[in-house]
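Q: pasting the structure only:
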């Protein structure tokens, strides 16, 4: 009888075994086992599959045949996409032992990678497949691979009876039709004519565009791609659009043409659909690794693996997954952008910048690359370089498109950091032309005007609109209180400033601002309390010096010293 599909956290599973329990079971752990086990436990708790694989295998060397260690070593290797190694370890299990779901998954991936469809179908029929979500769809592609499209269609339609899986099953039916050359039938599903509208993914969009080309409807394919890339300029879709636009004649359909590719897509589709809904990245990661293990050309699976590992804060492993995408792959740019993000999050900002600089050297004409480089420079306080990168990005896009507001906004932030306030204001205002009610832009421009003591009435109007658009942003609410303070409307400034502190209680500047407002309305003791709080949150040195001066002689005297009676910093 097959065990139910249970993917438990490895941390919880580790509680079932310890050197003490090993001794109780007659498994003298020895020093080597204990040390490796403890190191493996720490690696699992950190989510570091690479280290866990090493230490569990080390523990196995000290205690061969230990089912618990074998199971964890299999899992760690599968999570790394090392399916051959995982199968080798699985072979250590006593044949008399009942197969686990993890072992079944490993063996299924290896069968499918070898295109052994007969053995794969037999395993599923014996209840030893890859999992409940996968097996039914897999049977459809196995039937297609065995030359029985009627049986394949029946399998996909059976899965489609489950509302939760209908979109995926019908998409796979469309992909199967296209794989056997039934492009009219595939388009009938993709268009919604046969079964109604389906959810659109980047993968299904690519497939449909290729199907339309086969139907001599290249113009429709380009229109479809333009519709989506205008709002989300996915590099892979942009590359496909350029390829279709430059082609002469009708190239062969190439999206998914074999049963093995379709089976890899099954795992990828389920992993993508589960995403965060799985409650953990564990099962989606295993499935996306399976997709790549079955079809090494499925580079989107590597990208999804990188994204899942990043979500699990395994940034070094994520960077490695992104790095596996080859340089000639259409997804290479997306992979390198993901790699740079992972490296940055891993605490290596200079290395991330170098990745993006190398990418820009080869793909500098892509706005997404220049924008990412600009973001990396901005995050590392290299604002002059960031301005150059953002300008290059703007030079390569349609600057009338609403989505490009962020490029102007980000460049404006950098201009402001460089004390080029005219250029900063121009960029902020252009961002508002494209996105008139964007709260962050309204707030930044309004606050900049406040700090420059210019156009305070306009600044107040902007910040009020920003608060309306994002009422729970402590920084924006702080701006509202601060502009009221600048206008001398101290009593009105109290409520928004208190709310800002409630929203961001540990921010030194906001606490300092509240202290200034309290001082101006005569609440001197509370003002000093807020300044003391602000100091406890490690403000910048210049801000800390000013706060201490206020505590020493009071705000009024500080303002006189600064030559700005009635105003503050």
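A: Now that the structure is in, tell me what you want to look at. Computed from a predicted structure; not experimentally measured.
Q: moving C-terminal of the helix or strand containing residue 121, what's the next helix or strand?
A: If you go by DSSP states H and E, residue 121 is part of helix 117-125. Following helix 117-125 in sequence order, the next helix or strand is helix 132-145 (DSSP H and E).
Q: Check which residues of that next one are buried.
A: By neighbour count on 16 or more other C-beta atoms under 10 Å, the buried set for helix 132-145 is 133-145. For every residue, glycine as well, the C-beta is placed using N, CA and C.
Q: same deal with stretch 321-340?
A: 321-325, 329-340.
Q: Contacts made by it with the rest, please.
A: 81, 234-236, 239-240, 299-300, 302-303, 305-307, 309-310, 318-319, 342, 352-353, 355-356, 359, 363, 366, 368-369, 372, 376 (C-beta atoms under 8 Å, 6 or more residues apart in numbering).
Q: Start and end of it, how far apart?
A: End-to-end span of stretch 321-340 (C-alpha to C-alpha, to the nearest Å): 12 Å.
Q: Could you give the average pLDDT over it?
A: Across stretch 321-340, the average pLDDT comes to 94.
Q: repeat for stretch 377-391
A: Per-residue scores along stretch 377-391 average to 96.
Q: And stretch 455-473, by the same measure?
A: On average, stretch 455-473 scores 94.
Q: Buried residues, that stretch. List them.
A: Of the residues in stretch 455-473, 456, 459-460, 462-467, 469-470, 473 count as buried by neighbour count, 16+ other C-beta under 10 Å.
Q: which other residues reach the helix holding residue 121?
A: The contact list for helix 117-125, computed with C-beta under 8 Å, 6+ apart, reads 104, 107-108, 111-112, 129-130, 135, 138-139, 142, 145-146, 259, 263.
Q: Relative to residue 543, which of these is nearest.
A: Relative to residue 543, the closest of those is residue 130; by C-beta to C-beta it sits at 57.8 Å.
Q: Please look at that closest one and residue 110 and confirm they touch.
A: No. Between residue 130 and residue 110 there is no contact under C-beta atoms under 8 Å: 11.0 Å.
Q: neighbour count winner among the two?
A: residue 130 (28 against 19; other C-beta atoms under 10 Å).
Q: what number of residues lie near the closest residue to the more buried one other than its chain neighbours?
A: Among residues not flanking residue 130 along the chain, residue 108 sits closest, at 4.3 Å (C-beta to C-beta, 6 or more residues apart in numbering). Per other C-beta under 10 Å, the neighbour tally for residue 108 reads 25.
Q: SS state for residue 108?
A: helix (DSSP: H, G, I helix; E, B strand; the rest coil).
Q: Please enumerate the helices of the stretch 401-550 of the chain.
A: Assigned by DSSP state H, counting those that start in this stretch, the helices in the stretch 401-550 of the chain fall at 405-417, 421-434, 439-451, 456-469, 474-486, 490-503, 508-520, 524-536, 541-553.
Q: May I see those organised as TSV, with distance to residue 177 added?
A: What follows is the helices of the stretch 401-550 of the chain, written out as TSV (distance: least, C-beta to C-beta, whole Å):
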stretch	distance to residue 177
helix 405-417	40
helix 421-434	42
helix 439-451	46
helix 456-469	46
helix 474-486	52
helix 490-503	54
helix 508-520	59
helix 524-536	66
helix 541-553	65
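Q: returning to what we had before: can you pull the contacts of the residue nearest to residue 130?
A: With C-beta under 8 Å, 6+ apart, residue 108 has these contacts: 120, 123-124, 128-130.
Q: Any regions of this structure where pLDDT drops low?
A: 1-47, 55, 96, 98-99, 231, 276-280, 564-569 (pLDDT under 70).
Q: And it, what are its domain boundaries?
A: Under the assignment automatic domain parsing, the domains of the chain span 1-98, 348-436.
Q: got the angle for the helix holding residue 121 vs helix 132-145?
A: 150 degrees (axes from the mean of the first three to the mean of the last three C-alpha atoms, to 10 degrees).
Q: which stretches of the stretch 201-350 of the chain form helices?
A: Under DSSP H, counting those that start in this stretch, the stretch 201-350 of the chain gives helices at 202-214, 218-229, 235-246, 259-274, 282-294, 299-311, 315-323, 332-345, 349-363.
Q: tell me the centre residue of this protein?
A: Note on the chain: the residue nearest the mean C-alpha position is residue 307, at 4.9 Å, using C-alpha atoms, centre = their mean.
Q: Which residue, other than its chain neighbours, is closest to that one?
A: Closest to residue 307 by C-beta to C-beta, 6+ apart is residue 338, at 6.6 Å.
Q: ok, now residue 202?
A: residue 234 (5.8 Å).
Q: So what's the residue count around residue 554?
A: Neighbour number of residue 554 under other C-beta under 10 Å is 15.
Q: check contacts around the closest residue to it other than its chain neighbours.
A: Distance criterion C-beta to C-beta, 6+ apart; nearest residue to residue 554, sequence neighbours excluded, is residue 519 at 7.3 Å. By C-beta under 8 Å, 6+ apart, the contact set of residue 519 is 527, 550, 554-556.
Q: Out of those, which end up buried?
A: So, by 16+ other C-beta under 10 Å, the buried ones in the contacts of residue 519 are 527, 550, 555.
Q: what would those residues look like in a markdown table with distance to residue 153?
A: Listed next are the buried ones among the contacts of residue 519 as a markdown table, based on distance: C-beta to C-beta, whole Å:
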| residue | distance to residue 153 |
| --- | --- |
| 527 | 75 |
| 550 | 77 |
| 555 | 78 |
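Q: ok, of those, which one's closest to residue 508?
A: residue 550 (13.2 Å).
Q: Grab the nearest non-local neighbour of that closest one.
A: residue 558 (5.2 Å).
Q: what's the burial count for the one you found?
A: Considering only other C-beta under 10 Å, residue 558 is surrounded by 20 other residues.
Q: Wait, it touches residue 547, no?
A: No. Using C-beta under 8 Å as the test, residue 558 is too far from residue 547 to be in contact (9.6 Å).
Q: any idea which helix or strand comes after whichever helix or strand residue 166 is part of?
A: Applying DSSP H and E as the criterion places residue 166 in helix 166-179. Downstream of helix 166-179, the next assigned helix or strand under DSSP H and E is helix 183-190.
Q: Give me the phi and psi angles of residue 194.
A: Backbone torsions of residue 194, given as degrees, to the nearest 10, read phi -90, psi -40.
Q: cool, and the one 5 residues further on?
A: Backbone geometry at residue 199, expressed as degrees, to the nearest 10, gives phi -70, psi 140.
Q: mind checking the SS state of residue 381?
A: Going by three-state DSSP: residue 381 is coil.
Q: Distance check, it against residue 115.
A: 53 Å (C-beta to C-beta, to the nearest Å).
Q: between the two, who's got more neighbours?
A: Each of residue 381 and residue 115 has its neighbours counted (other C-beta under 10 Å); residue 115 has more, 14 against 11.
Q: burial measure for the spatially closest residue to that one that is not a sequence neighbour, as a count.
A: Leaving aside its sequence neighbours, residue 115 sits nearest to residue 260 (C-beta to C-beta, 6+ apart; 5.2 Å). Neighbourhood size, residue 260 [other C-beta under 10 Å]: 18.
Q: In this structure residue 260 contacts residue 112, no?
A: Yes. The pair residue 260 / residue 112 is scored as a contact, 6.4 Å apart, by C-beta under 8 Å.
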